[in-house]
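Engineer: 3D model of this:
(chains A and B)
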Amino acid sequence: MIKVENIRKEFGDNLVLNDVSFSFEKRKTNLIIGESGSGKTTLLKLLIGLHTLDSGNIIYDGRVFNEMKLKQKRLIRQEIGMLFQGGALFDYMSVEENIMFPLTMFTEQSEEEKLDRVNFCLQRVNLENTNTLLPSELSGGMLKRVAIARAISMNPKYLLCDEPNSGLDPKTAIVIDNLIQEITEEFDMTTIVNTHDMNSVMQIGENIVFIHKGVIWWEGNKEELIHTNNKELNDFVFASELFKRLKNK
Amino acid sequence: MMIKGLKNIGNYFIMMKKVMSRPEKYSVFLKQLKLEIGKIGLDSIGIVIIISFFIGAVVTIQQSINLENPLLPKYLIGLVSRDALILEFAPTMIGLILAGKIGSSIASEIGMMKVTEQIDALEIMGINSASFLILPKIIAAMFFFPILIILSITIGIIGGWLGGLSMDIPTADFVYGLQYQFIPFYVTYSLIKTVVFAFLITSISAFYGYTTKGGAINVGKSSTLAVVYSSILLLIFNFILTDLILS
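Structural biologist: Numbering: from 1, shown residues only, chains lettered A, B, ... in the order given. Model prediction:
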């Protein structure tokens, strides 16, 4: 479980997050939703230490992350798998080398063991026999799946995903969403997905937090979200004609 | 402007503190180092040979015109060309060329990694990204630049000899000039300068790449700034080192 307690973050005079507290639960797909500029990416970057907190605490299974020194933070980060918006695959490495990279850096496994793990991860994301391809040779959906394979290669306790569906067609987006949900349960992880894709929310939203004006405006699951009377949340979730019609039905 | 400059200097030293830490895994570090020696060193051999050859030839031709006097022995042309190549043309001129070639390449490579979140990915994995990416580049350059400069001096002298032949300077006179009152310390001085230049070019370029924000346009800007500032600092340090070592 990842807990955030009373966190606050300002950039100059701009208060981005104010007194935010929430628990991201284990074995669940926790979603952070909100409009662009609402502070959800900042929250994700605070969680992994790419930004520093002004006040509050971030706690990984009882370990206070923000009080740690950089070396200790790096050890926690080895327990985190991160899926970036653009995949962030190393473009000079092949698919196999990308997935093998964390194993090479942090384990003493033999080449054979590492290759077995790479093939298992590729099989898990349905990308067998793509080992020798370069990231530039992959489609958007394949890139995301390789990034997921790299993220799970070290058997992480936590999986953080930043806009996993951006730039993908709806069908591929659902494949990615389902994959994230499946591996969350399979690997017993705490998963946090930062999204403003409403299809994702309806597909995998088990524990949802809506950030608005830098504070937690609403929290619940996808069923509760459909029936909520919260005006700001409704304005955000049911912004499109299609979703408005679905809501009114 | 002044505050921004001071902030940049501060950030440069903060980054360098991160760079100068023990590699996470030596086997991976050595692999990276080999890769960088190839990219920074071996890939620069061609341009160094071409530039050095023609500079050597032009320097000799110019000296033979300037020193055209019956009272001056012809071997002086070899001597002057040798010293000019060892003391200045090889280390400084090649340094500036490499600042353009390697500096822009380092800044754009690291800058692109920054804007596509590849550096964030390294950090999230628990890797010191500055050390992982930059240290092998600095060491590769500090190791290989002196080799390039020795090569440059050698090729420059060959170019000078051929340039001399075109100006009717006998080979025997040119070779005698090359050997006449040769001061080996000049080569040491040249190599000391080169090692400092290698450090400056790679670290400054890496700094501009590492601090890139935004998109492709900013990567281009970082690349330009890297070449401009590493060239300026190279010239400043050339002056300081010459004053300290030779005077």
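Engineer: drop to CA atoms for contacts and neighbour counts, all remaining ones
Structural biologist: OK.
Engineer: what sits closest to the residue of chain A at minimum distance from chain B if chain neighbours are left out?
Structural biologist: Using C-alpha to the nearest C-alpha, the point where chain A gets nearest to chain B is A:Arg74, with a distance of 4.1 Å. With C-alpha to C-alpha, 6 or more residues apart in numbering or on different chains as the criterion, A:Arg74 has its nearest non-adjacent residue at 4.1 Å, and that residue is B:Gly126.
Engineer: Three-state assignment for B:Gly126, please.
Structural biologist: Of the three states, B:Gly126 takes coil according to DSSP: H, G, I helix; E, B strand; the rest coil.
Engineer: may I have the phi/psi pair for it?
Structural biologist: phi 90, psi 20 (degrees, to the nearest 10).
Engineer: ok, now A:Lys157?
Structural biologist: The phi/psi pair for A:Lys157 (degrees, to the nearest 10) reads phi -90, psi -30.
Engineer: nearest residue to it in space, please, no chain neighbours.
Structural biologist: With C-alpha to C-alpha, 6+ apart as the measure, A:Met189 is the residue that lies nearest to A:Lys157, at 4.9 Å, once sequence neighbours are left out.
Engineer: and the one you found, how many neighbours does it have?
Structural biologist: Applying other C-alpha atoms under 10 Å in any protein chain shown, we find 24 other residues in the vicinity of A:Met189.
Engineer: so how far is A:Asn221 from it?
Structural biologist: 18 Å (C-alpha to C-alpha, to the nearest Å).
Engineer: now swap in B:Pro170 and tell me
Structural biologist: According to C-alpha to C-alpha, B:Pro170 stands 91 Å off from A:Asn221.
Engineer: tell me which of the two has more neighbours.
Structural biologist: The neighbour count for B:Pro170 versus A:Asn221, taken as other C-alpha under 10 Å, is higher for A:Asn221 (17 against 14).
Engineer: surely the more buried one and A:Gln203 touch.
Structural biologist: No. Counting by C-alpha atoms under 8 Å, A:Asn221 stays clear of A:Gln203, with 10.9 Å between them.
Engineer: just the pLDDT for the residue most central in space within chain B.
Structural biologist: By C-alpha atoms, centre = their mean, the mean C-alpha position of chain B lies nearest to B:Gly95, the distance being 3.1 Å. Here, the pLDDT recorded for B:Gly95 equals 95.
Engineer: so what's it closest to, chain neighbours aside?
Structural biologist: Taking C-alpha to C-alpha, 6+ apart, and ignoring the residues beside it in sequence, B:Gly95 has B:Phe197 as its nearest neighbour in space, at 6.6 Å.
Engineer: what's the burial count for the one you found?
Structural biologist: B:Phe197: 28 surrounding residues under other C-alpha under 10 Å.
Engineer: residue contacts, it?
Structural biologist: B:95, B:234, B:237 (C-alpha atoms under 8 Å, 6 or more residues apart in numbering or on different chains).
Engineer: show the backbone phi and psi for it.
Structural biologist: Here is the backbone geometry of B:Phe197 (degrees, to the nearest 10): phi -60, psi -40.
Engineer: for A:Lys3, same thing?
Structural biologist: When read as degrees, to the nearest 10, the backbone of A:Lys3 gives phi -110, psi 140.
Engineer: residue contacts, it?
Structural biologist: Taking C-alpha under 8 Å, 6+ apart, we find A:Lys3 in contact with A:21-24, A:57-61.
Engineer: how does it look with 6 Å?
Structural biologist: For A:Lys3, the contacting residues are A:22-23, A:58-59, by C-alpha atoms under 6 Å, 6 or more residues apart in numbering or on different chains.
Engineer: A:Arg245 versus A:Glu35, what's the distance?
Structural biologist: Between A:Glu35 and A:Arg245 the computed distance is 21 Å (C-alpha to C-alpha).
Engineer: and what of B:Asp83?
Structural biologist: Plainly put, B:Asp83 is 84 Å away from A:Arg245 if you go by C-alpha to C-alpha.
Engineer: name the residues of the longest helix belonging to chain B that are buried.
Structural biologist: The single longest helix within chain B, with elements called by DSSP state H, is helix B:129-166. Taking 16 or more other C-alpha atoms under 10 Å in any protein chain shown as the neighbour-count basis, helix B:129-166 is seen to contain the buried residues B:129-146, B:148-165.
Engineer: quick one: average pLDDT of it?
Structural biologist: This predicted structure assigns helix B:129-166 an average pLDDT of 95.
Engineer: packing partners for that helix?
Structural biologist: Applying 3 or more C-alpha pairs under 6 Å, 6 or more residues apart in numbering or on different chains; DSSP states H and E, one finds that helix B:129-166 contacts helix B:2-19, helix B:26-36, helix B:45-66, helix B:185-210.
Engineer: the residue nearest the centre of chain A sits in which helix or strand?
Structural biologist: Residue closest to the average C-alpha location in chain A (C-alpha atoms, centre = their mean): A:Cys161, at 1.7 Å. Element membership for A:Cys161, per DSSP states H and E: strand A:158-162.
Engineer: helices and strands around that strand, which ones?
Structural biologist: Packed against strand A:158-162, as judged by 3+ C-alpha pairs under 6 Å, 6+ apart, are the following elements: strand A:80-83, strand A:190-195.
Engineer: quick one: which of the contacts of B:Phe197 is nearest chain A?
Structural biologist: The closest of the contacts of B:Phe197 to chain A turns out to be B:Gly95 (C-alpha to the nearest C-alpha; 27.1 Å).
Engineer: fine by me, we can end here.
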